[in-house]
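Visitor: give me the fold of what follows.
(2 chains)
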Amino acid sequence: GQSLEQPSEVTAVEGAIVQINCTYQTSGFYGLSWYQQHDGGAPTFLSYNALDGLEETGRFSSFLSRSDSYGYLLLQELQMKDSASYFCAVQHDYKLSFGAGTTVTVRA
Amino acid sequence: SQTIHQWPATLVQPVGSPLSLECTVEGTSNPNLYWYRQAAGRGLQLLFYSVGIGQISSEVPQNLSASRPQDRQFILSSKKLLLSDSGFYLCAWSVGTANQPQHFGDGTRLSIL
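Guide: The predicted structure follows:
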């Protein structure tokens, strides 16, 4: 089976940097994805790491270490609109298994 | 570009009634298709996935079934809804090779009364 762990909540102020860690246990690992979900909305794809290292997309970056079964999502220059839930998800076979999500609250 | 459509956006159904949720994808061929359910404040649970027409894999035994009558159409059904079927149902697609990122539709919020 698959299991993922990520913090349940993070609070930060506008302009700050937030790092959301994700550790996982899985068989048949192919990659780690990150999704953003605003209240009442559908998950939006943010990033996918299949190989070790850092992927940068604007203010968001994602990191993967396959040997450590660990990844993180880095949110820089936080804005109010970044308040949302963030999910890490392990890609295995043709499927995604999701963590329980991290609620990020951005304060003015 | 690829788009995914899911309807209806919200649905209120009585216990014991049937269900049919439809999802279609445009702008791609032979996608992998997925149905997920999300309970309030929780992560997403994979219900079914399909790698081709008529090919359905079920992840969780339950009161639901899925069908893929056409390449870009995925349907979630139930003959008799239970109270526990309430939730946020999401359809997703990915490129039809293994282990590509998945992209979600807007979801259907289902309430069972």
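Visitor: by mean pLDDT, which helix or strand of chain A comes out lowest?
Guide: Least confident element among the helices and strands of chain A, by mean pLDDT, DSSP states H and E: strand A:95-98 (a mean of 90).
Visitor: give me the distance between it and the centre of its chain.
Guide: Distance of strand A:95-98 from the chain centroid (C-alpha atoms, centre = their mean, to the nearest Å) equals 13 Å.
Visitor: who touches the residue nearest to A:T57 when sequence neighbours are not counted in this structure?
Guide: Nearest residue to A:T57, sequence neighbours excluded (C-beta to C-beta, 6 or more residues apart in numbering or on different chains): A:S47, at 5.9 Å. In short, each C-beta sits where N, CA and C put it, glycine included. For A:S47, the contacting residues are A:33-34, A:55, A:57, A:60-62, A:73, by C-beta atoms under 8 Å, 6 or more residues apart in numbering or on different chains.
Visitor: which one of these is nearest chain B?
Guide: For the contacts of A:S47, the minimum distance to chain B (C-beta to the nearest C-beta) is 5.7 Å, reached by A:S33.
Visitor: what residues are bridge-paired with the closest one?
Guide: Counting by DSSP bridges, A:S33 is bridged to A:Y48, A:A89.
Visitor: list the buried residues for stretch A:62-72?
Guide: By neighbour count with 16 or more other C-beta atoms under 10 Å in any protein chain shown, stretch A:62-72 contains the buried residues A:62-64, A:69, A:71-72.
Visitor: which residues touch the residue nearest the centre of chain B?
Guide: Nearest to the mean C-alpha position of chain B, by C-alpha atoms, centre = their mean, lies B:W35 at 3.0 Å. By C-beta under 8 Å, 6+ apart, the contact list for B:W35 reads B:21, B:23, B:46-49, B:64, B:66, B:74, B:76, B:89-91.
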